[in-house]
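1. fold the following for me, if possible:
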Amino acid sequence: MNISQSSVAVVTGGASGLGAATARRLAAAGAKVAIFDMSDAAGEAIAAEIGGIYAHVDVTSEESLKAGFEAARAAHGQERILVNCAGIAPVAKTVSRGAAHPFDMFAKVIDVNLLGTFRASALSALGMSEADPLTEDGERGVIICTASVAAFEGQIGQAAYAASKGGVASLTLPLARDLSQYGIRVVTIAPGLFETPMLIGLGEKVVNSLGEQVPFPKRLGRPDEYAHLAVSIVENPLLNGGVIRLDGAIRMAPR
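-> Modelled structure (predicted):
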């Protein structure tokens, strides 16, 4: 699917990190972009920068997502691209200092990362399914989800995060199969170590150490490299139902 002025995109978690880079690259390619996030000041600033719109959306709430899609479609029309970048990554061991992993924390991570991805994808797909095809293949839209290498090599303290991202990876193929009758593709990106606000906040020494763990190139991934892949997925009609690792060949150690 070609990205042009007729393309409309929604990016969840679009106010920072991977989502912000993707929103910028999609807009540069000619798409009209709606940013869904809960960081209002950052989201509004990026939306103004790229000529898009911002909606305060909580992906754990069906009603919030519905309101966000309604606002985005009122401004731009039916989205044909959805990129799911909203997510959280708290750390806690299964047992630590005589206490079990906080169960409410585990549930929250699953709700945001996995259920939030599914809620947004299903609601977006419903709208896409009722739109006219865009290509001779009958393509109506593309949904991109974000997993993590933690889905496959979760580290110590990542039980909740790895479970949520493993769920996103496992969701990809059945979602693509479900939506194939409507001409909607689904592809998941599994990033490795990236220059996101969470990692940068650990300090230069830690960031450099993490970068040295990557076989090649020996550095953290840059958010625009995620965005570059997202755009490539949109443009390549045969990419469907798979999980693509974007990680410089790293395989995560236990800690």
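
2. now do the helices in the stretch 1-150 of the chain.
-> Here the stretch 1-150 of the chain has its helices, by DSSP state H, counting those that start in this stretch, at 17-28, 40-50, 62-76, 103-109, 116-129, 150-153.

3. show me what the shortest one is packed against.
-> Other elements packing on helix 150-153 under the criterion 3 or more Cβ pairs under 8 Å, 6 or more residues apart in numbering; DSSP states H and E are helix 159-179. C-beta: built from backbone N, CA, C; applies to glycine.

4. who's in contact with the helix it packs on?
-> Here helix 159-179 makes contact (Cβ atoms under 8 Å, 6 or more residues apart in numbering) with 87, 89-94, 101, 105-106, 109-110, 112-114, 117-118, 121, 125, 129, 143, 145-148, 150-152, 154-155, 185-188, 190, 240-243.

5. can you mark which positions in it are buried?
-> Buried residues in helix 159-179, counted by 16 or more other Cβ atoms under 10 Å: 159-169, 171-172, 175-176, 179.

6. the strand ranked longest in the chain vs helix 159-179, what angle?
-> Longest strand in the chain, counting residues (DSSP state E): strand 184-191. Here strand 184-191 runs at an angle of 160 degrees relative to helix 159-179 (axes from the mean of the first three to the mean of the last three Cα atoms, to 10 degrees).

7. any idea how far whichever helix or strand comes after strand 184-191 is from the chain center?
-> The helix or strand immediately downstream of strand 184-191 is helix 197-200, counting by DSSP states H and E. On the basis of Cα atoms, centre = their mean, to the nearest Å, helix 197-200 sits 16 Å off its chain's mean C-alpha point.

8. now tell me which helix or strand of the protein has the poorest mean pLDDT.
-> The weakest-scoring helix or strand in the chain, judged by mean pLDDT, DSSP states H and E, is helix 197-200 (a mean of 73).

9. looking at the helices of the stretch 1-150 of the chain, which is closest to residue 232?
-> Closest of those to residue 232 is helix 17-28, at 10.3 Å (criterion: Cβ to Cβ).
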